[in-house]
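Sequence and predicted structure, then a few things I'm wondering about:
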Amino acid sequence: MPGVNNPPPPITTAAAQQKMAQERREDAGDLRRLVNEAHPPRASDLAELQSLQKTRKDRDDTDTTASLSETLKSKSREAGPRVVVREPKHLYMPQSPRSRAAAEAEQTDLIKEMFHEMGDIGLKPVVVYHNLSVPELYEHALKYEPSSHIVASGALATLSGAKTGRSPKDKRVVREPDSEADIWWGTGSPNYEMDERTFILNRERAVDYLNTLDRLYVFDGYAGWDTQARFKIRVVCARPYHALFMHNMLIRPTEDELHDFGLPDFTIYNGGAFPANRYTSYMTSSTSIDVSLKHKEMVILGTQYAGEMKKGVFSLMNYVLPKMGILSLHSGCNEGKDGDVTLFFGLSGTGKTTLSADPQRPLIGDDEHGWSDRGVFNIEGGCYAKAIGLKQENEPYIFDAIKFGTILENVVFDEETRHVDYDVSAITENTRASYPIEHIENAKIPCVGGHPKNIIMLCCDAFGVLPPVAKLTKEQAMYYFVSGYTAKVAGTEQGVTEPEATFSACFGSAFLMWHPTKYASMLAEKVEKYGAHVWLINTGWTGGPYGVGYRFKLRHTRAIVNAIHSGELGAAEYETMPTFNLQVPKEVSGVPSEVLLPVNCWADTENYNKTLTHLASLFTKNFVKFQDGGGHVTPEEASAILASGPTVE
Ligand SMILES: Nc1ncnc2c1ncn2[C@@H]1O[C@H](COP(=O)(O)OP(=O)(O)O)[C@@H](O)[C@H]1O
Ligand SMILES: C=C(OP(=O)(O)O)C(=O)O
Ligand SMILES: [Ca+2]
Ligand SMILES: [Mn+2]
């Protein structure tokens, strides 16, 4: 560089000074030019600069747009709404005339039209955010949902709204010619009927509501890891939180799979922030969750509890999988080193998610599975764990899964530090974490396994009389499966505030579509064919009923599960517990022997026996409705199953 490092020249003539000044100006010009070449200004205003921050892959959205338009179409109008997938990039208008001209030159006809029609509500194009990435969904949630916050772990905390649990009494199934003979209707069934016309009315209500919104979110994903039993599910929703929830819970498609997605096999319209009209037939509240197998659609009105969507998919699977000869299971599932698979059946809150997360055994799934001739497969792509009382020491895998991408529903956190206090149930007892299965350190992906070797039926006995573990005979296995006894623990369903005894057939009656004996007979056949061992584990109370006794320690329940897996319990000595005729092991490593027979933990034996007899009579009363076999087992088979239940004199 000329002159920059030279020593200052001696002062001479005016002409020489002028020449030097000229040289300095030239040097400065050179410098400025150098700086500008290294950092040339590339935008003429801040907005343009921001538009340079993001790149976008050029893709052909024509098919997706057509498919979304079909989904959002009213049943009574010919054409679908004009859908725009994401906000068109060039809606941004630079201020400087030069950049503005360039931007205008790039505009498509669609965008030019949008500029004209944006203000007209009737012609408003529907902007659909289709399969947004997790960071994008975070940003949308933070921007548009006042109850969204990032907590210290990186998870997204949110509120589900007025409803913080499922509303099983508001579920409706359309009675349709093709499926009505298959569906379990009437007493004890979760399927309250609805006619097609009312379904369409509610569907229109949801679709019209969704189409008026400024932003719609659609997630397309799969249910079923077995590619031969995989269903394309589309979720249309108003809240970024709901889209992220289903992104976590369904199986996430690859970019290519998404490109070729086409029309879905089943669509969920979640208009949850908008109520059902109570004057509509069949409505008993302003909440309605309606399934039509003919239309392959589910409509949600009047509840924003996200669990409705995942259990909606499960209800659908509970219909279609058995039709294909595949047993659907409300169970968790993991696999040992030798490929031995264990199922954990159980109603909400009994420990499926907690116990299937096991450092020794890769996780296949925590809640919904299918069992075909090829083995088991997870239906979902994520887990939905209860967060109340969560502690890293007790449940490290679940605790550590709560990070960026995880949704935390209805939890309470410190305003400043953003640390979550999992012990607080100020909003609900049913606080939840939803995360993709990859967040579990030892998840087995793809989430499939062989035929189960052990089947654990979990119950949470609030009477405190059932043993912490019992080995079941084949008939007992059917009896306890069909009975589906547990205590509903507060929170997961609306209106349940303290544990109440409940019988939920197949440990998931609320989600069954066929009569329970359909699933029971399929299970019996598979248990027989593959020689699975069946166990009953009580993760509930002992030493007295709820309020008096205490809950079995998680550490002890885990020791029992380990003893099943090590083969210890298969070889143990057993004694028979009276009334229920259950085979109870005399010893289990890591568990104090006195807790194995609950009578030993009660202060008053007479009280124990009275309570035991009372529970036995509840079992017997409940089973009456299954005595005819329900059309899927013969009355003789039903009475053999019944004979293995408790005996009440
Ligand atoms: N002995 C026990 N076994 C299993 N879970 C227990 C036990 N004691 C307390 N818990 C708690 O009960 C809850 C079980 O819930 P979860 O595993 O989510 O049930 P599910 O998946 O069946 O709905 C967890 O919050 C867990 O910490
Ligand atoms: C989400 C649910 O599942 P679970 O409680 O079995 O985990 C539910 O029953 O609402
Ligand atoms: Ca459940
Ligand atoms: Mn669970």
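Arrived safely. Ligands and ions are numbered 1, 2, ... in the order given.

Identify the residues contacting the most centrally placed residue in the chain.
In the chain, the residue lying closest to the centroid (Cα atoms, centre = their mean) is Met249, at 4.0 Å. By Cβ atoms under 8 Å, 6 or more residues apart in numbering, the contact set of Met249 is 309-310, 313, 380-382, 384, 434. All C-beta atoms are positioned from the backbone trio N, CA, C, and that covers glycine.

Mind checking which of those residues land in strands?
382, 384, 434 (DSSP state E).

Double-check the second one against Lys352; I have them as touching.
Meaning Tyr384. No. Contact criterion Cβ atoms under 8 Å: Tyr384 and Lys352 do not qualify, at 10.1 Å.

out of these two, which sits in the more crowded spot?
Using other Cβ atoms under 10 Å, the more surrounded residue of Tyr384 and Lys352 is Lys352, with 29 against 23.

Mind pulling up the pLDDT for that one?
pLDDT, Lys352: 98.

Now for the nearest residue to it once chain neighbours are set aside, how many residues are close by?
Closest residue to Lys352 apart from its sequence neighbours, by Cβ to Cβ, 6 or more residues apart in numbering: Gly332 at 3.7 Å. A total of 30 residues lie near Gly332 under the criterion other Cβ under 10 Å.

can you pull the contacts of the residue of the stretch 301-450 of the chain found nearest ligand 4?
Nearest to ligand 4 in the stretch 301-450 of the chain, going by Cβ to the ion, is Thr353, at a distance of 3.5 Å. By Cβ under 8 Å, 6+ apart, the contact list for Thr353 reads 332, 366-367, 383-386, 398.

can you give me the helices for the stretch 51-200 of the chain?
Using DSSP state H, counting those that start in this stretch, the helices found in the stretch 51-200 of the chain span residues 62-71, 97-106, 109-117, 134-144, 196-212.

Can you mark which positions in the fourth one are buried?
Spelled out, it's helix 134-144. By neighbour count on 16 or more other Cβ atoms under 10 Å, the buried set for helix 134-144 is 134, 137-138, 140-141.

Export those residues to TSV and append columns for pLDDT and distance to ligand 2.
Formatted as TSV, these follow (pLDDT from 0 to 100; distance: Cβ to the nearest ligand atom, whole Å):
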residue	pLDDT	distance to ligand 2
Val134	98	21
Leu137	97	20
Tyr138	98	22
His140	97	24
Ala141	98	20
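
Any chance of CSV for these, columns distance to Glu587?
What follows is these, written out as CSV (distance: Cβ to Cβ, whole Å):
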residue, distance to Glu587
Val134, 48
Leu137, 51
Tyr138, 51
His140, 56
Ala141, 52
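
Get me the contact residues on the chain for ligand 4.
Applying Cβ under 5 Å from the ion, one finds that the chain approaches ligand 4 through 352-353, 367.

Also near ligand 1: which of those residues, exactly?
The overlap between the residues of the chain next to ligand 4 and the neighbours of ligand 1 (Cβ under 6 Å from any ligand atom) comes to 352-353.

and Ser566, how many neighbours does it have?
Neighbours of Ser566 using other Cβ under 10 Å come to 13.

got it, and the one 3 residues further on?
Residue neighbour count, defined by other Cβ under 10 Å, stands at 22 for Leu569.

element containing the residue lying closest to it once chain neighbours are set aside, please.
Closest residue to Leu569 apart from its sequence neighbours, by Cβ to Cβ, 6+ apart: Ala563 at 4.7 Å. Following DSSP states H and E, one finds Ala563 within helix 554-566.

Could you pull out the strands in the stretch 51-200 of the chain for me?
Ranges of strands within the stretch 51-200 of the chain are 83-85, 126-130, 149-150, 156-158, 171-174, 192-194, based on DSSP state E, counting those that start in this stretch.

Now stretch 152-168: average pLDDT?
For stretch 152-168, the mean pLDDT works out to 96.

buried residues in that stretch?
Buried residues in stretch 152-168, defined by neighbour count with 16+ other Cβ under 10 Å: 153, 155-161, 163-168.

and what of stretch 409-429?
Burial within stretch 409-429, assessed by neighbour count using 16+ other Cβ under 10 Å, is assigned to 409-411, 413, 420, 422, 425, 428-429.

for stretch 433-447, same thing?
By 16+ other Cβ under 10 Å, the buried positions in stretch 433-447 come out as 433-437, 439-440, 443-444, 447.

contacts for it?
By Cβ under 8 Å, 6+ apart, the surrounding residues in contact with stretch 433-447 are 155, 225, 245, 247-249, 252, 306, 334-335, 357, 359, 361-365, 377-378, 380-385, 387, 390, 397-398, 400-403, 405-409.

Kindly recompute the last result at 6 Å.
Stretch 433-447 has contacts (Cβ atoms under 6 Å, 6 or more residues apart in numbering) with 225, 245, 248, 335, 362-365, 378, 381-385, 387, 397, 401-402, 406-408.

Smallest gap between the chain and ligand 2, at which residue?
Residue nearest to ligand 2 within the chain: Ser348 (3.1 Å; Cβ to the nearest ligand atom).

per-residue confidence at whichever residue of the stretch 101-250 of the chain sits closest to ligand 4?
Nearest residue of the stretch 101-250 of the chain to ligand 4: Met249, at 11.5 Å (Cβ to the ion). Predicted confidence (pLDDT) for Met249: 98.

list the buried ones in the helix holding Ala563?
Residues 556-565 are the ones in helix 554-566 that count as buried (16+ other Cβ under 10 Å).
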